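[1] Sequence first, then the predicted structure:
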Amino acid sequence: MNQNTHASEPASGKDPFLSSLGERVRALRARRSLTRQALARTARISERHLANLETGQGNASVMLLRQLAHALQCSIAELVGEDTSASPEWSQILVLLRGRDDAALARARRALTDLFGAGPPDPSRTGRVALIGLRGAGKSTLGRMLADDLAAPFVEVDRVIERLAGCAVREIHSLYGMAAYRRYELRALEETIASHPRAVLSTGGGIVSEPVTFDLLLARCFTVWLRAAPEEHMKRVIAQGDLRPMAGNTEAMDDLKRILAGREDAYARADLAFDTSGKSLADAYLELRAALMCRIPASG
């Protein structure tokens with residue numbers, strides 16, 4: 001009996017379910033741009049326990065899964081990978097989508113976006129250029145240069161958020177949590193779009209994580225994904241003296257690569273992708289401006 005039990009275990013000695021659970025927790029954490037330390041604090045569990053869980057070495061109680069799901073803003077079903085739901089309609093949608101290729105899923109997403117999202121693109125949206133991407137891609141620096149060149153206002157969405165909230169972004173996160181920040185982000189974007197027919201916007205790296213907010217951005221602005229190699233992102237962030245969310249995290253590069261991988265499909269929905277890797281600031285700006293002028297009218 002013992003011999004059969006050992007024979008059924010994976011060679012690694014890890015339970016397949018716990019290994020898969022750990023991978024999903026890491027992926028969801030990356031999607032929310034949370035370090036392991038930050039997630040452990042938000043979920044009110046020990047960082048060591050979370051580390052064991054993420055590496056497939058620790059068991060998880062129902063209460064712990066509930067705390068993690070709340071902190072990650074997802075359902076327990078999504079956390080454990082179960083395609084179940086209390087709604088029969090949702091189950092039917094999953095049946096229709098299961099097994100479809102990427103092209104079919106993309107068509108389904110566009111149809112659902114048209115039905116429930118921000119609606120069709122605004123014909124005047126090219127007057128607003130929105131830069132998306134992770135911190136260190138050059139959104140603020142290149143954005144200000146572009147705004148000066150176009151004689152248009154430069155708007156950092158995080159500064160609008162701070163004005164609406166009456167406190168700094170860090171304080172919003174620490175006092176009210178990520179969900180509150182995302183609500184302010186949507187309000188800030190709506191206000192910016194309503195008040196600026198022409199502008200260059202610099203957005204937070206995680207704006208693509210919220211479908212309603214990102215769909216609004218895509219529909220009302222010409223979006224540009226400023227991308228760079230993970231090593232360049234890290235170098236630029238350190239040069240700025242801002243280590244969030246990497247401060248004190250020995251797995252900073254792994255987390256950064258996981259965030260990039262988790263958001264790549266969303267970032268790729270932008271109207272234009274521009275790689276700033278290996279370019280001087282002057283060269284990057286001239287190439288970006290040339291790429292933009294080929295896609296939008298010079299007058300905006």
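    Yep, that arrived. Numbers count the residues shown, from 1 in each chain.
[2] Can you list the residue ranges for strands in this structure?
    128-132, 154-156, 199-202, 222-227, 272-275 (DSSP state E).
[3] Mean neighbour count and distance to Leu18 added to those, as a markdown table?
    The C-beta positions use only the backbone N, C-alpha and C, and glycine is treated the same way. As requested, those are arranged in a markdown table below (neighbours: other C-beta atoms under 10 Å; distance: least, C-beta to C-beta, whole Å):
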| stretch | mean neighbour count | distance to Leu18 |
| --- | --- | --- |
| strand 128-132 | 26 | 35 |
| strand 154-156 | 20 | 42 |
| strand 199-202 | 26 | 41 |
| strand 222-227 | 24 | 34 |
| strand 272-275 | 17 | 37 |
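[4] possible to save these as CSV with mean pLDDT and distance to Ala252?
    CSV is the format used below for the strands of the chain (pLDDT from 0 to 100; distance: least, C-beta to C-beta, whole Å):
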stretch, mean pLDDT, distance to Ala252
strand 128-132, 96, 22
strand 154-156, 97, 24
strand 199-202, 97, 23
strand 222-227, 95, 19
strand 272-275, 94, 22
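[5] Would you reformat those strands as CSV and include distance to Leu53?
    Below are these laid out as CSV (distance: least, C-beta to C-beta, whole Å):
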stretch, distance to Leu53
strand 128-132, 31
strand 154-156, 36
strand 199-202, 35
strand 222-227, 31
strand 272-275, 35
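[6] Check which residues of the longest helix along the chain are buried.
    Longest helix of the chain, by residue count under DSSP state H: helix 178-195. Using 16 or more other C-beta atoms under 10 Å as the test for burial, helix 178-195 gives 178, 181-186, 188-189, 191-193.
[7] For that helix, which helices and strands make contact with it?
    If contacts are counted by 3 or more C-beta pairs under 8 Å, 6 or more residues apart in numbering; DSSP states H and E, helix 178-195 sits against helix 157-165, helix 169-176, helix 211-220.
[8] Glu47: which of those helices is closest?
    With C-beta to C-beta, the closest approach to Glu47 among these belongs to helix 169-176: 17.0 Å.
[9] can you list contacts of that closest one?
    158, 161-162, 165, 167, 180-181, 184, 244 (C-beta atoms under 8 Å, 6 or more residues apart in numbering).
[10] Let me see the contact set for the nearest residue to Met145 once chain neighbours are set aside.
    Distances taken as C-beta to C-beta, 6 or more residues apart in numbering put Tyr285 closest to Met145, at 5.1 Å, once the chain neighbours are dropped. Tyr285 makes contacts with 142, 145-146, as judged by C-beta under 8 Å, 6+ apart.
[11] any idea which of those residues is the one closest to Ala290?
    Ala290 lies nearest to Leu146 out of the contacts of Tyr285, by C-beta to C-beta, at 11.7 Å.
[12] how near is the closest one to Ser140?
    11 Å (C-beta to C-beta, to the nearest Å).
[13] Neighbour count: the two, which is higher?
    The neighbour comparison of Leu146 against Ser140 (other C-beta atoms under 10 Å) goes to Leu146, with 20 against 15.
[14] contacting residues around the more buried one?
    129, 154, 200, 285, 288-289, 292.
[15] Next: Val129.
    Per C-beta under 8 Å, 6+ apart, neighbours of Val129: 146, 150, 199-201, 221-224, 292, 296, 300.
[16] Then Arg182?
    209-210, 213.
[17] Make JSON lines from these and add pLDDT, distance to Arg29 and neighbour count to it.
    Listed next are the contacts of Arg182 as JSON lines, based on pLDDT from 0 to 100; distance: C-beta to C-beta, whole Å; neighbours: other C-beta atoms under 10 Å:
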{"residue": "Ser209", "pLDDT": "87", "distance to Arg29": "12", "neighbour count": "19"}
{"residue": "Glu210", "pLDDT": "87", "distance to Arg29": "16", "neighbour count": "20"}
{"residue": "Thr213", "pLDDT": "92", "distance to Arg29": "20", "neighbour count": "24"}
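[18] what's the burial count for the residue nearest to Asn59 when sequence neighbours are not counted?
    Leaving aside its chain neighbours, Asn59 sits nearest to Leu18 (7.0 Å; criterion: C-beta to C-beta, 6+ apart). Leu18: 17 surrounding residues under other C-beta under 10 Å.
[19] per-residue pLDDT, Leu18?
    Listed pLDDT for Leu18 reads 80.
[20] Report the contact partners of it.
    Leu18 neighbours (C-beta under 8 Å, 6+ apart): 53, 56-60.
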